[in-house]
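Trainee: Next comes the sequence, and after it the predicted model I'd like to discuss.
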Amino acid sequence: MPTRTQIARGLLAVLIFGGSLELFARLDDYISYGAPMWGVYNAETLYVRDAIGKRGIPHARFRKWGLNALGYRGPDLIAGRPTVVCFGASETFGQQEREGSEYPRQLEQELNARAGAQAYQVLNAAYAGQTVRTATLRVPEIAAMARPAAALIYGVPASYIEPPPLDAPPVPPGRIEQPRFELRIVDRVRTLLKGMIPSSVQTWLRTREIRADRGAATAVARLPEANIQRYRDDLSKLIAALRQEGITPVLVTHVDAFGETLSDSDRALLTSWRKFYPTLQEEGFLDMERRANDAVRSLGAETGVPVIDLEKAMPTAPANFTDFAHFSDAGAAIVAKTLADGLLPILNRE
Amino acid sequence: MSQVSILYAAAVLVVWMTARVSSSRPFRLWIYLAASWIFYFSLDARFLPLLVLSSVFNYHYGRRIRRRPRVALLWAGALVNVALLGVFKYLPAFQALFPDSPFWQHVRQIALPLGLSFWTFQALSYLFDQYRGDETRPSLGEFCLYMGFAPTVMSGPICRVGDLVPQFRAPFAGSWESVREGAQGVWVGVGMITLARMLAAGHGGFGVADAFALRGPLGTADAWVMLLGYGFQIYFDFAGYSRLVIGVARMFGFQLPENFDRPYLSTSVTSFWQRWHMSLSFWIRDYVFLPLAMSRREVWWRHVSLVISMAVFGLWHSASWLFLLWGVYQGLMLVGHRLWQQLRRGAAPIGPRWLRSAASWLLTFLVIILSWTLFRAEGASHAAGILTAALIPAAGLQLPGGFVLLVLGLVAGYFASQLAVSRIPQRAPGLLSWLPMPARFACYAAIFYLAVFRAAEAQGFIYAQF
């Protein structure tokens, strides 16, 4: 039997080991990214909440993501240079790409390379979780600050699986709620485990998590038509708001990592997508994407807004995606080229 | 730590346990050989047949040389090995001379087999040793294991038949003590690799590669900081890797030759080349420099031999003018050091001893750090730009402050740690056991953090390209 002293020494050793790991994680953040040693450090520290919703803090930085003076990702805008604004969510923000490889930044390089001069700049007005509705509310402010000539709208249909109620009360402005204390080592351990655990085990764990998150709610196999209609209506309002400000809207169809036939790894990927939206069954996602893109095309035809059909142009090769819908550097480059193809004639016309 | 690293670690454990319980030497040998070939196959499946073919050919050819030690036979065998290197390693480099030729376009596509330069040099040393009458008589299995030995097949250390084969024949020496020693080596190696990766990743997304990608006029501080960064990156990377594989081999009871011995503490270029990539340096000394130098008696020829040997050292890395120049530069520095020694022989020493040592160290350090320009630059004009900035004082600093601090901090930390290590009392057998318990566990946590969270961010091992 271990003595009390041995137990105490063992506990102390565990405490020192764990505490040191946490300290090294903070030191690592400090050295690598200039992060504060103490206090909370996560992606949400980039934002505050105003009357409309989340907005970036000017010049804030989290790891590889840096915001400009307007609170949007990327460098500061240059006055007088024609600007294209990109609306979207995490795919547009560039969740997975290396810094400078997110598609809005690559689009800027592509446009300028084709123009043979620094003729254009692209404002990345997206953040993870942004909906078409909040983007619409931001239009007057962006129009006043950046005076964009055109706006690319890369809507995310998945945000309409469980949309907030239309009469939801606004969240009061202020700082985004953060825990008082967080262990940074925990996030690293989670990422490490993700890389170590076989995909089949991860899928099983996700399935259990989905079941727990869903609770008593029923999971539907097909997204109700009302949700698609709401997506279409919100896009329509965004187009109207942009036109009112004299900005040319351009719609872009949404693209995901799935081809015509699904492999086992595709099914695992669908489960990981569903983890964020437990009330829609896996097969419902592909159907939702198809119907939402049809809605985008029909809206474009109806309103005379040009549509860049990224869904048709983008190969669904695994190398182009890091998960179900987020782009790799290579994928973002294809997106940028496709968008530049569609956008340049419009910009030239403007 | 990825699934692949866990798989490799599990494989090491399985092979170790199998070797420990096995009392049959041949069975153990075949287990090692199978494991080594499977390891090579997992890294570069295309070229395992080439490794096997080269092993079988050199084994039989070495036996033939031993039976009839004729110089023509030796050179023919050496030529086959050099031709192998030529086809896979050097030929693609010549495509630049014929950019429009479809034939050379195809040649450019030839991939470099993993570890080719390392195991081909092992084969060459075997042929030379057999010619010289080396008494080691490996069996085919032993020779194949010598060529494809898992810890060394990828990037050395370059071993000799006489060092390894007797160890293959000895009883299993993987005691708990050797496992402990080996594990310490692995930890230290992983820690060093992590430091290399920290330099590669840099600060705020700006690393060593980004520094070398800077264009436009560089300041003198820019040039020295980027050279320091690269000099320490390549040292931590390769020395860490060497320490790691020596540690893994030690767990099985094998004693591999050391590859690095704190080279940046050298007080002369001659001493540096006895402490940097030692297995290749000694190979060049034994099989290039000594035969060359002994072919004539004149002193000047010894100096020429030194320069030629170091040029071969440079070309071993790649067929490029910059590597050739790098080798010639090192050769000239070695000759310069010899001449200086001759000049000072019998002369009264200048200044106190510590000052002479410090000045020698600083000069050696600067000469070596400056040489990394030729090793790393992307072309002659790029190298010229860096050298000009380093040697002709120019104001201005393009490099981000965070990156400069990271490089200088790591360099200062390295020298401080070397100073501390030299003062540690050798009371306890363990690497950290002399520390009080809280400090010891904090160190374990540091090593664990570096190994698990930082070394996992794989960014390519620099020497794998050679």
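Mentor: Happy to help now that I have it.
Trainee: how is chain A carved up into domains?
Mentor: Using automatic domain parsing, the domain parsing of chain A gives A:1-35, A:43-161+A:176-349.
Trainee: Next, format the ones you listed as a markdown table and append distance to B:V208.
Mentor: C-beta here means a position set from N, CA and C on the backbone, and glycine is covered the same way. Listed next are the domains of chain A as a markdown table, based on distance: least, Cβ to Cβ, whole Å:
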| stretch | distance to B:V208 |
| --- | --- |
| domain A:1-35 | 14 |
| domain A:43-161+A:176-349 | 16 |
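Trainee: Most tightly packed of these?
Mentor: For those, average neighbour numbers computed from mean count of other Cβ atoms under 10 Å in any protein chain shown are highest in domain A:43-161+A:176-349, which has a mean of 18.
Trainee: roughly how far is stretch B:359-374 from the heart of the chain?
Mentor: Averaging C-alpha positions (Cα atoms, centre = their mean, to the nearest Å) puts stretch B:359-374 18 Å from its chain's average.
Trainee: Now A:G100: phi and psi?
Mentor: phi 90, psi 0 (degrees, to the nearest 10).
Trainee: now the residue of chain B found nearest chain A, nearest residue through space, not along the chain?
Mentor: Using Cβ to the nearest Cβ, B:A445 is the residue of chain B that sits closest to chain A, at 3.4 Å. Using Cβ to Cβ, 6 or more residues apart in numbering or on different chains and skipping the chain neighbours, the partner closest in space to B:A445 is A:S20 (3.4 Å).
Trainee: Which strands or helices does the helix or strand harbouring the one you found pack on?
Mentor: Using DSSP states H and E, A:S20 sits in helix A:4-33. In terms of contacts (3 or more Cβ pairs under 8 Å, 6 or more residues apart in numbering or on different chains; DSSP states H and E), helix A:4-33 is packed against helix A:184-196, helix B:437-449.
Trainee: Any chance of these in a markdown table with distance to B:A348 and mean pLDDT as columns?
Mentor: Converted to a markdown table, the helices and strands packed on helix A:4-33 look like this (distance: least, Cβ to Cβ, whole Å; pLDDT from 0 to 100):
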| stretch | distance to B:A348 | mean pLDDT |
| --- | --- | --- |
| helix A:184-196 | 60 | 86 |
| helix B:437-449 | 47 | 86 |
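Trainee: between the ones you listed, which one is nearest to A:L11?
Mentor: helix B:437-449 (11.6 Å; Cβ to Cβ).
Trainee: contact partners of the closest one?
Mentor: A:9, A:12-13, A:16-18, A:20-21, A:24-25, A:28, B:187, B:190-191, B:432-433, B:435 (Cβ atoms under 8 Å, 6 or more residues apart in numbering or on different chains).
Trainee: do you know which of the domains of chain A lies nearest B:T136?
Mentor: Of all the domains of chain A, domain A:43-161+A:176-349 comes closest under Cβ to Cβ, at 42.7 Å.
Trainee: what's the first-to-last distance across the closest one?
Mentor: Terminal residues of domain A:43-161+A:176-349 are spaced 39 Å apart (Cα to Cα, to the nearest Å).
Trainee: how close does the residue lying closest to A:A332 once chain neighbours are set aside sit to chain B?
Mentor: Of all residues not flanking A:A332 in the chain, A:Y103 sits nearest, at 4.1 Å (Cβ to Cβ, 6+ apart). Here the criterion is Cβ to the nearest Cβ, to the nearest Å. By it, A:Y103 lies 18 Å from chain B.
Trainee: Am I right that A:Y103 is in contact with A:A340?
Mentor: No. Between A:Y103 and A:A340 there is no contact under Cβ atoms under 8 Å: 10.2 Å.
Trainee: any idea which helix or strand comes after the longest helix seen in chain B?
Mentor: Longest helix in chain B, counting residues (DSSP state H): helix B:220-251. Per DSSP H and E, the first helix or strand lying C-terminal to helix B:220-251 is helix B:269-272.
Trainee: buried set for that following helix?
Mentor: B:V269, B:S271, B:F272 (16 or more other Cβ atoms under 10 Å in any protein chain shown).
Trainee: and of those residues, the nearest to A:Y277?
Mentor: Closest to A:Y277 out of these is B:F272 (60.9 Å), distances taken as Cβ to Cβ.
Trainee: The residue lying closest to that closest one once chain neighbours are set aside: neighbouring residues, count only.
Mentor: Take B:F272 and drop its neighbours on the chain: the residue closest to it by Cβ to Cβ, 6+ apart is B:S266, 3.9 Å away. Each residue near B:S266 was counted by other Cβ atoms under 10 Å in any protein chain shown, and the total is 20.
Trainee: Hmm, B:G77 is touching B:R63, no?
Mentor: No. The criterion here is Cβ under 8 Å, and B:G77 misses it with B:R63 at 11.0 Å.
Trainee: Tell me which of the two has more neighbours.
Mentor: Neighbour comparison, B:G77 and B:R63: the larger count goes to B:G77, with 23 against 14 (by other Cβ under 10 Å).
Trainee: And the residue of chain A closest to chain B?
Mentor: A:S20 (3.4 Å).
Trainee: Need the contact partners of stretch A:106-116.
Mentor: Under Cβ under 8 Å, 6+ apart, the answer for stretch A:106-116 is A:84, A:86, A:118-122, A:332-333, A:335-337, A:339-340, A:343-344, A:347.
Trainee: ok, B:I386 - contacts?
Mentor: B:I386 neighbours (Cβ under 8 Å, 6+ apart): B:L218, B:A223, B:M226, B:L227, B:T373, B:A377.
Trainee: Tell me the secondary structure of A:V40, please.
Mentor: Following DSSP: H, G, I helix; E, B strand; the rest coil, we place A:V40 in the coil state.
Trainee: and stretch B:400-410, how far from the chain's centre?
Mentor: Using Cα atoms, centre = their mean, the offset of stretch B:400-410 from its chain centre is 25 Å.
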